[in-house]
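Novice: coordinates only, sequence not included:
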């Protein structure tokens, strides 16, 4: 099935550093969701984006809905060890409520 | 927030048997639920859309006779893996959409191992 491309695929960072990741698509989406998944668990919703250009924060997390509506970005500031996990973006076109998931970014934080 | 409960968390079964997985929305009514499948170190792949009171809509390549979905109430959807084979071993995750809201909330997943 269709997938969204996420970059980077994985990253190691030092505790306290800021993290940036992005998600790109060849299709236009009307909604973007960002999730974090821990091993053996279901994804947990972090941020939802509904409008092109929208910038939304949730604590140390900030996500943006790209102007072209074909991409989205997630930033994590001052990373901590519990930020370890896999981050997925998910996009949906209007009216379908079906979400296509990105390939994931695996984050590892070094204390 | 919206809570989705999935049961069981893990199941081991013999090849040829059937396994049922339940997905419940605990504090909201879900007219639409989705079933995903995830292989190790891979992304989530949508299998089917479950609509309350109607037949499920399956994604291309997903066998509807193997993966039976029932959405009999606004709070419960079930996925039955029929005549399971080792290649059906995977992590199955359900999600539910809150009516009038674009957000998807996920269950904790079910790890299925077919021997």
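Specialist: Happy to help now that I have it. Keep in mind it's a predicted model, so treat the numbers as computed, not measured.
Novice: looking at chain B, which residue lies furthest from center?
Specialist: No residue in chain B sits farther from the centre than residue B:100, which is 21.5 Å out by CA atoms, centre = their mean.
Novice: which SSE is the closest residue to residue A:43 other than its chain neighbours in?
Specialist: Leaving aside its sequence neighbours, residue A:43 sits nearest to residue A:35 (CB to CB, 6 or more residues apart in numbering or on different chains; 3.7 Å). All C-beta atoms are positioned from the backbone trio N, CA, C, and that covers glycine. Per DSSP states H and E, residue A:35 falls inside strand A:31-37.
Novice: quick check: buried residues in that strand?
Specialist: Within strand A:31-37, the residues scored as buried using 16 or more other CB atoms under 10 Å in any protein chain shown are A:31-37.
Novice: same question, stretch B:26-42
Specialist: For stretch B:26-42, by 16+ other CB under 10 Å, it's B:28, B:30-38.
Novice: can you measure across that stretch, start residue to end residue?
Specialist: 28 Å (CA to CA, to the nearest Å).
Novice: of all residues in chain A, which one is closest to chain B?
Specialist: At 3.7 Å from chain B, residue A:42 is the closest residue in chain A, using CB to the nearest CB.
Novice: what count of nearby residues applies to that residue?
Specialist: 22 (other CB atoms under 10 Å in any protein chain shown).
Novice: could you look up the SS state of it?
Specialist: coil (DSSP: H, G, I helix; E, B strand; the rest coil).
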